[in-house]
Every structure is written in C-alpha cells, then in structure tokens.
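Colleague: for reference, the sequence and a predicted model appear below.
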Amino acid sequence: MRSTRTIRAAAAGLLLGGALLATGAGTAVADDATPSPSSSESSGTAETAAAPGTGFRTAGHIGQGVTSTPAGASTGDYLYWVTPAKAGQILTVSATVQLPESATRHGGQTWQLDLYDGLRRHQACTAGKPTVTAAADASSVELSCRLRTVRAWSEAWANDPLPGAYYIRLTVVRLADQDLGLPVEVQLGTASKDAGGSQAVDGELAAPLTPVAKAGATLDPNAQPSPAVTGESDESAEDADPSASPVAAGLTEPDGGWGGGWWSDRWIWTAGGGVLGALAGVAGYNLTRGRGRRPVA
C-alpha cells in the first residue's frame, strides 16, 4: 500500500516536472525562432529630440523604445546615432527618410542603414531591409535592421555583438550627382526584445564597449605627477576632478545593468530537471527494493 502511494506521488511529481520543462521548452522554441520585423517588441511611441551627428564622435544619443523627432539633413550626408544595448537583447532599428520633391530629383536613390558596435565593427542584420532603393517618384523610403542577440561574452576573435554602445549610420549610397545636397528629413526609431535564456552564455565582459568622451590630454613634459597617480593620498584621489578621467560619452546604462541581470528562464530548466531527477530516484528505489526478506522457518 505504501509502495502504491509512493508511486502515485512520484508520478504526480514527474507530471509537475514535465510541465515545468514544457514551459521552458516552449520559451526556448519561441526564442530560437527567427523573428520577423513585424513581431511584437518593447518599442515605444514617445518621441525624443535626437539630432544625428556626422561621425562616430558626434553621433546623436538615442535611447531604446523611442522615436526621434524629424531632423533635417542634406542628401549625401553620413548621419550617425548611438544607442545602448545590454546582454540578452535583440536590437531593432528603423529609419524613415522623407525625400525631396520628385520634380527636383533626377532619378532613383538607394539608401542604406548600418550598425556598428562599440569597437566600430560592422554588425550584420538578421532581418529587415537595411538597403532600399526608392523610385524616382517616391516620396519617402523606410529602412530597418535587426541585430543578432547581444551576448554577455565572446571570444576575442569573434565578431559577436557585445554589451555597450551601438552606432547607427544612415546614408545614401547611389543617386544622381545632381541630387547631392538636396534637403531631406530623417526620423529614427529603436526597439528591443529579450532573447531569453536559450541565448544566454557564461561569462561577462569586464566593461561594456562604450565610447569615451575624454580619453586624455597632452601633458607638459615637465609636469609633476599628482598624488592621485602616485598613490600617496587616497583622499586626494577621491577629490580629484572627474573630468580628468575617461568617462562614457553620455550613454545611459540599461535597466538591470549591461549584463542583463541575473534572472533567466534557464532557472526553470534547472529547477525542473532537479525535481525530475529526485522523483525518478525515489520511484526507482521503491520499484526495485522488493518486499524484504522472507521470515526464517
């Protein structure tokens, strides 16, 4: 009787553990599926002023889940923005370009959207339309690019996306020479989603790949080192001018930190596997222990 109860309890536990693993498996399947540009993401409708720069050093700062207000530019300019991304995120960038009137243009135009990480390495798009050719009579052109999952850590030789800054570059790559300099209006949007535990990796970077606003300055060769440098006074080091040290160029750290936080749905797999293992051991013991020794006559 006791063995029957134990087996029933073990069977119920196995069903519970199977349900936990099924939940985790469903999440993993959803994470592994290749997302389409139209899938739901944590994108916001709020607009923010984020004027583009003309280079990496002057890139305009834009957060995630927002859309920049329309900004004027000239056809042929290289337009740059920069946005933060943490580990476990899938970043999507979209851009809309309002073209000059068709009467002033001399043919079609091809626009391109590129993404670079904090080391200025070009990152490939997994979905979207990063290069679009507009017809001669088109009034606007829309581009989009979805980045691979940002990894918490990677080998030094790999080109995987890593936590930190991501530069966005928008420019026209093919047009009639007479159309250079014509006014255009551009608007940029950013969105992100969590990739889930199936994309998680062990390890983390010592620091995110973020740009430095002030890397240093040329010193007088006859200048004496400060106490903060020689280590003579900790108090002097604490009171030192922060503008003299390298600092991130205005990027806001994402919620949960650059590493993406400690929670992952891999915890569900771990807990479910532990429950199944324990219950399988109990059930196996009860099935194989027998009824004990027979009494000696």
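Modeller: Good, I have the coordinates.
Colleague: burial measure for T133, as a count.
Modeller: Neighbour count of T133, defined by other Cβ atoms under 10 Å: 14. No exception for glycine: its C-beta is placed from N, CA and C like everyone else's.
Colleague: ditto for Q112
Modeller: Q112 has 17 neighbouring residues, counting by other Cβ under 10 Å.
Colleague: so for the helix or strand containing it, what's the average pLDDT?
Modeller: Here Q112 sits within strand 109-116, counting by DSSP states H and E. Average pLDDT, strand 109-116: 96.
Colleague: buried set for it?
Modeller: Q109, W111, Q112, L113, D114, L115, Y116 (16 or more other Cβ atoms under 10 Å).
Colleague: how about the fifth one: what's its closest non-neighbour residue?
Modeller: It stands for D114. Spatial nearest neighbour of D114, chain neighbours left out: R169 (4.5 Å); criterion: Cβ to Cβ, 6 or more residues apart in numbering.
Colleague: bridged to the one you found, which residues?
Modeller: Beta-bridge partners recorded for R169 (DSSP bridges): Y80, D114.
Colleague: where are the low-confidence patches of the stretch 1-150 of the chain?
Modeller: 1-45 (pLDDT under 70).
Colleague: what segments of it are helices?
Modeller: Under the criterion DSSP state H, counting those that start in this stretch, the stretch 1-150 of the chain contains helices at 2-32.
Colleague: wait, what's in contact with T83?
Modeller: Applying Cβ atoms under 8 Å, 6 or more residues apart in numbering, we find T83 in contact with H61, I62, G63, Q64, L91, V93, A165, Y166, I168, T190.
Colleague: now the first one: how far from T252?
Modeller: Plainly put, H61 is 8 Å away from T252 if you go by Cβ to Cβ, to the nearest Å.
Colleague: go on, the fourth one?
Modeller: Using Cβ to Cβ, one gets 9 Å for the distance from Q64 to T252.
Colleague: looking at these two, which is more packed in?
Modeller: It is Q64, of Q64 and T252, that has more neighbours when counted by other Cβ under 10 Å, with 22 against 11.
Colleague: correct me if wrong: the more buried one contacts K193.
Modeller: No. Counting by Cβ atoms under 8 Å, Q64 does not reach K193; the two are 10.2 Å apart.
Colleague: check contacts around W258.
Modeller: Going by Cβ under 8 Å, 6+ apart, W258 touches P84, K86, A87, P163, G164, L205, P208.
Colleague: ok, now with 6 Å
Modeller: Shown in contact with W258 (Cβ atoms under 6 Å, 6 or more residues apart in numbering): K86, P163, P208.
Colleague: that one falls within a helix, correct?
Modeller: No. Counting by DSSP: H, G, I helix; E, B strand; the rest coil, W258 is not part of a helix but coil.
Colleague: state the pLDDT value of it.
Modeller: 76.
Colleague: just G284 next, same as before
Modeller: G284 is assigned a predicted lDDT (pLDDT) of 84.
Colleague: name the element it belongs to?
Modeller: Using DSSP H and E, G284 sits in helix 266-288.
Colleague: what is that helix packed up against?
Modeller: Contact partners of helix 266-288 among helices and strands, from 3 or more Cβ pairs under 6 Å, 6 or more residues apart in numbering; DSSP states H and E: helix 2-32.
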